[in-house]
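Q: have a look at this prediction, sequence included:
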Amino acid sequence: MIGISGASGAVYGVRLLEVLAARSDAETHLVVSDGAATTIAYETGRDPAELARLATQSYDVRDLSSSLASGTFRTVGMVIAPCSIGTLSRVANSANDTLLARAADVHLKERRRLILVVRETPLHAGHLRLMSEATAAGAVILPPVPGFYTRPQTIEELVDHTVGKVLDLLGFDDHGLYERWRTPAPSP
């Protein structure tokens, strides 16, 4: 399951959806917050409705009667990319007022993988407390911090590094989105 919240960095959720849509072994369920729809259009120039067509199924963020709101709906995990501080707060405090927050809460209560790509900087103590609380409940905090050992040349390579890390955590480690670290050969 993929959730996209209104934080800057919509490209992370968009790219994750693109990569998973191209796989024959992945089913994607998409929830886009109202703020995310605006951010997607502004930052990527894409129509959020176009993204919904990439997903196996998409859901209205206000539809709390959706199958995603139940623990009986099975997934391998959920990713919120990007995850705004507002969404992080809802997750950390079990405030199930949107389908995005409720689905995240379901993943935590069912002990399923929940990955939050928190996109905010700088962070104050309240943000760090929320991250700690979400982690204590079982979430994985994965800020979009790329590795530079791959010597990225484009923004796309930076984005792919973060998306690849997300895919690794979901068990799709054959993605090839970034070069894995290898010990450099000794200098002559």
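A: Looks like it arrived, so ask away. What you are looking at is a predicted structure, and each value in this text was computed from that prediction instead of being measured. Residues are numbered from 1 along each chain as shown.

Q: just confirm Tyr149 contacts Trp181, I think it does.
A: Yes. Tyr149 is within contact range of Trp181, at 5.9 Å (criterion: CB atoms under 8 Å). Just so you know, the C-beta spots here come from the backbone N, C-alpha and C atoms, and that holds for glycine as well.

Q: these two: who's more crowded?
A: Ranked by neighbour count (other CB atoms under 10 Å), Tyr149 and Trp181 place Tyr149 first, with 13 against 9.

Q: what residues of stretch 67-74 count as buried?
A: Neighbour counts using 16 or more other CB atoms under 10 Å place Leu68, Ala69 of stretch 67-74 among the buried residues.

Q: compute the first-to-last residue distance for that stretch.
A: One end of stretch 67-74 sits 10 Å from the other (CA to CA, to the nearest Å).

Q: contacting residues around that stretch?
A: Met1, His29, Val31, Tyr59, Asp63, Leu99, Arg102, Ala103, Val106, Lys109, Glu110 (CB atoms under 8 Å, 6 or more residues apart in numbering).

Q: in contact with the last one, which residues?
A: The contact partners of Glu110, by CB under 8 Å, 6+ apart, come to Gly71.

Q: good, wrapping up.
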